[in-house]
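Novice: Have a look; sequence and predicted model below, questions after that.
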Amino acid sequence: MIREYSIFLSLAFVAEIIGTVSGFGSSILFIPLASLFFDFKTVLGITAVFHVFSNVSKIFLFRNGVDKNIALKLGIPAVVFVIIGALITTRIQTQVMDLLMSVALLVLSVFLLFNMRSRIEQSNFNLVAGGTVSGFLAGLVGTGGAVRGITIAAFQLPKDVFIATSAIIDLGVDASRSIIYVYNGYFPRNLVLLVPFLMGIGLVGSYVGKLLLRYISEQLFRYIVVVTIVATALLQLIKYIT
């Protein structure tokens, strides 16, 4: 058990670093990796709790500015729809959710792979739509950071503002779904001992990611993230089928 927790926490640390640099957030990588260790509802609970700490760390480390217009127009629908998505998970069997997660991640990662350089139009409609879709996906399958990242990227914000704005939206999303997940038993009591480690990983991983941003191309890291997601999602689908 200690060995499994050590491997899991090491992977969480790597996911946090890559998630910070890529701008997609670590959940898109963390979810499929965590699902190799825990059942899917537990993965949802751990992810939400972990990312509360992760986003607080990012807000602190990248505190040069937040775009309030984007934060409100994207953040409000994201919080509303993450609650809807999280409530739906309480009505769906774990096996079905596991399959939904794998399919959603695979579709999303393939989309990202072929649209990495694309930018959507800067508009209020796209902000609200991006918030709605990213929030619903976060509540239902655990991750909506890629959709949020693509939406915010259209506004070509400076790196620090981009990450801080995304983090403050994600904090509202994760805090909202955490309440629903924890209330419904998605975060078992025996995993409470992981909380201090997750707090530390959130802070240190975000800090290391901030340092790497000075030297490494975001584009390269995004491709690494997408390829990793495709591989892990396929692994999950094969495991589900067999």
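Specialist: Now that the structure is in, tell me what you want to look at.

Novice: For the rest of this, base every contact and every neighbour count on C-alpha atoms.
Specialist: Fine.

Novice: which stretches of the protein have low pLDDT?
Specialist: In the predicted model, the chain carries pLDDT under 70 at residues 1, 23-24, 94, 98, 101-102, 105, 108-109, 112-119, 217-240, 242.

Novice: Let me see the ranges of the helices in it.
Specialist: Using DSSP state H, the helices of the chain run over 2-22, 27-34, 40-61, 68-89, 94-114, 124-141, 145-153, 159-183, 195-212, 218-241.

Novice: would you turn these into TSV with mean neighbour count?
Specialist: Output for the helices of the chain, formatted as TSV (neighbours: other Cα atoms under 10 Å):
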stretch	mean neighbour count
helix 2-22	19
helix 27-34	24
helix 40-61	24
helix 68-89	21
helix 94-114	18
helix 124-141	24
helix 145-153	23
helix 159-183	22
helix 195-212	19
helix 218-241	17
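
Novice: I'd like those helices laid out as JSON lines, including distance to Arg189.
Specialist: Output for the helices of the chain, formatted as JSON lines (distance: least, Cα to Cα, whole Å):
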{"stretch": "helix 2-22", "distance to Arg189": "15"}
{"stretch": "helix 27-34", "distance to Arg189": "17"}
{"stretch": "helix 40-61", "distance to Arg189": "11"}
{"stretch": "helix 68-89", "distance to Arg189": "20"}
{"stretch": "helix 94-114", "distance to Arg189": "19"}
{"stretch": "helix 124-141", "distance to Arg189": "21"}
{"stretch": "helix 145-153", "distance to Arg189": "27"}
{"stretch": "helix 159-183", "distance to Arg189": "10"}
{"stretch": "helix 195-212", "distance to Arg189": "11"}
{"stretch": "helix 218-241", "distance to Arg189": "26"}
